[in-house]
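>>> Any chance you can model this:
(one chain, ligands or ions: 1)
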Amino acid sequence: MKLPFALAKRFVAGESFEDAKPKVEKLNNKEIKITLDLLGENVEDRETADETVESYIDLLKSINAAGLDSTISIKLTMMGLDIDRAYCKDNLFQLLDVARDNDQFVRIDMEGTDYTQETIDLFTEAFEEYGKHVGIVIQAYLHRTKEDIDELAELGADVRICKGAYNEPADLAIQDMDKIRESYKECTKVLLEKTDYPRIATHDDELIDWVKAYAKENDIDKECFEFQMLYGLRQDTMEEFVEDGYNARIYVPFGTMWFPYFKRRLMERKENIWFVLSTMFKK
Ligand code: FDA
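Modelled structure (predicted):
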């Protein structure tokens, strides 16, 4: 059964770039930066992976042509990581060639634990070649993360820190929310102290307040990091960040393959389910 897009429209900016563009412009006009995510995951054949690379390249070009203040966020499983590592690397480098030529930025999202090591390795190889044009995401809930963060900080990588969105078993991921927050704070400390510009992705007030207080106590300028949130969530808070002098970036997903992303947002927070149910019954 094909679900109607109307269900997802709170969290997904449209099914095409043209749908998403006016929403991005509106946010840019409020001095909120964007990262655009063309939705999809786990491509299993080369034809689709090739098409995805073309679509990502088109997306970079369209952002440039439209003059949007937006980076892009990508998933390696959409570029053939399940098919062949060398092929995926070629695809990633093709995309990064375009990003470098146009002075743009590509962030590699972090997926489930089957891909953590490969993602870090491919990022590291890309970082050696493309430097400031590529970044990675690290998930605070993984037991391995403290070590990864230290290594990435040492490298001078551009890291987005998030809690982690996938269902992972207890031997790989912390299950208790307070402990995930502790890990998040530890990772963020390392990033704030050792990297140029960490990206702090969360909607959680406890973490946001902690970051603000930590930065203030340690004389870390507001310009030296940014807060990131997902499209459709807490936009008023993002506007307040800008008013208070913090940098803010919204992750804006779009595309026809919105269902897995939409499902993760619903599983994460019961209020999101109520929201969707209420829109179903509105005329
Ligand atoms: P969480 O959902 O844990 O909520 C904690 C508390 O925050 C709530 O109890 C409430 O108090 C407050 N809160 C949350 N939402 C709120 C709302 N809408 N309004 C008011 N209060 C609210 N994951 C991943 O695995 N790989 C990735 O690459 C990324 N990338 C990414 C980018 C960006 C920009 C973001 C914001 C997130 C990701 N994630 C991700 C997802 C991330 O791992 C995580 O699943 C979600 O951000 C949910 O965790 P939070 O810390 O945001 O709050």
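>>> how about residue 36, secondary structure?
Recorded secondary structure, residue 36: strand (DSSP: H, G, I helix; E, B strand; the rest coil).
>>> just checking, it touches residue 20?
Yes: judged on C-beta atoms under 8 Å, residue 36 makes contact with residue 20 at a distance of 6.6 Å. Where you see a C-beta, it was placed from the backbone N, CA and C, and this is true even at glycine.
>>> Okay, now the unreliable bits of this protein?
1-2, 274-283 (pLDDT under 70).
>>> Show me which helix runs longest in it.
Longest helix of the chain, by residue count under DSSP state H: helix 46-66.
>>> tell me what it is packed against?
Counting by 3 or more C-beta pairs under 8 Å, 6 or more residues apart in numbering; DSSP states H and E, the packing neighbours recorded for helix 46-66 are helix 17-29, strand 33-38, strand 70-74, helix 85-101.
>>> does the first one come close to the ligand?
No: no part of helix 17-29 sits close enough to the ligand to count as contact by C-beta under 6 Å from any ligand atom; the gap is at least 13.1 Å.
>>> looking just at contacts, which helices and strands does that helix meet?
Counting contacts by 3+ C-beta pairs under 8 Å, 6+ apart, helix 17-29 is packed against strand 33-38, helix 46-66, strand 247-254.
>>> who touches the longest one?
I take that to be helix 46-66. 17, 21, 25, 36, 38, 40, 43, 70, 72, 74, 78-80, 83, 87-88, 91, 94-95, 98-99, 102, 104, 106 (C-beta atoms under 8 Å, 6 or more residues apart in numbering).
>>> Next, the contact list for residue 148, please.
116, 120, 138, 142.
>>> just these that are near the ligand?
Among the contacts of residue 148, no residue lies close to the ligand (C-beta under 6 Å from any ligand atom).
>>> Could you find which two of those residues are furthest from each other?
Greatest spatial distance in the contacts of residue 148: 120 and 142, 11.0 Å, computed using C-beta to C-beta.
>>> which parts of the stretch 151-283 of the chain sit against the ligand?
Taking C-beta under 6 Å from any ligand atom as the test, the list of the stretch 151-283 of the chain residues beside the ligand reads 162-166, 201-205, 228-230, 233-234, 251, 268-269.
>>> cutoff 5 Å now
162-165, 201-204, 228-230, 233-234, 251, 268 (C-beta under 5 Å from any ligand atom).
>>> Out of those residues, grab the one that's most surrounded.
With neighbours taken as other C-beta atoms under 10 Å, the top of those is residue 228, carrying 24 neighbours.
>>> Just give the nearest non-adjacent residue to it, would you?
residue 201 (4.0 Å; C-beta to C-beta, 6 or more residues apart in numbering).
>>> As CSV, the helices and strands packed on helix 17-29 with distance to residue 110 would be great.
Converted to CSV, the helices and strands packed on helix 17-29 look like this (distance: least, C-beta to C-beta, whole Å):
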stretch, distance to residue 110
strand 33-38, 13
helix 46-66, 17
strand 247-254, 13
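>>> Relative to residue 48, how far out is the residue nearest to residue 228?
Distance, residue 201 to residue 48, using C-beta to C-beta, to the nearest Å: 28 Å.
>>> Stretch 31-46: which residues count as buried?
Neighbour counts using 16 or more other C-beta atoms under 10 Å place 32-40, 43 of stretch 31-46 among the buried residues.
>>> Check stretch 70-87 too.
70-83.
>>> Between residue 36 and residue 20, which contacts overlap?
Listed as contacting both residue 36 and residue 20 by C-beta under 8 Å, 6+ apart are 252, 254.
>>> Kindly export stretch 160-175 (C-alpha atoms) in PDB.
Extracted C-alpha coordinates of stretch 160-175, given in PDB (Å, rounded to 0.1, in the frame of the first residue of the first chain):
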ATOM      1  CA  ARG A 160      28.000  16.200  13.800                       C
ATOM      2  CA  ILE A 161      27.200  14.500  17.200                       C
ATOM      3  CA  CYS A 162      23.800  13.000  17.700                       C
ATOM      4  CA  LYS A 163      22.300  10.400  20.100                       C
ATOM      5  CA  GLY A 164      21.700   7.700  17.400                       C
ATOM      6  CA  ALA A 165      18.500   6.700  15.700                       C
ATOM      7  CA  TYR A 166      18.700   3.000  15.000                       C
ATOM      8  CA  ASN A 167      17.600   0.100  17.200                       C
ATOM      9  CA  GLU A 168      20.900  -1.400  18.400                       C
ATOM     10  CA  PRO A 169      21.500  -4.300  20.900                       C
ATOM     11  CA  ALA A 170      22.900  -3.700  24.400                       C
ATOM     12  CA  ASP A 171      26.300  -5.100  23.600                       C
ATOM     13  CA  LEU A 172      26.800  -2.400  21.000                       C
ATOM     14  CA  ALA A 173      24.800   0.600  22.300                       C
ATOM     15  CA  ILE A 174      23.900   2.200  25.600                       C
ATOM     16  CA  GLN A 175      20.200   1.700  26.300                       C
END
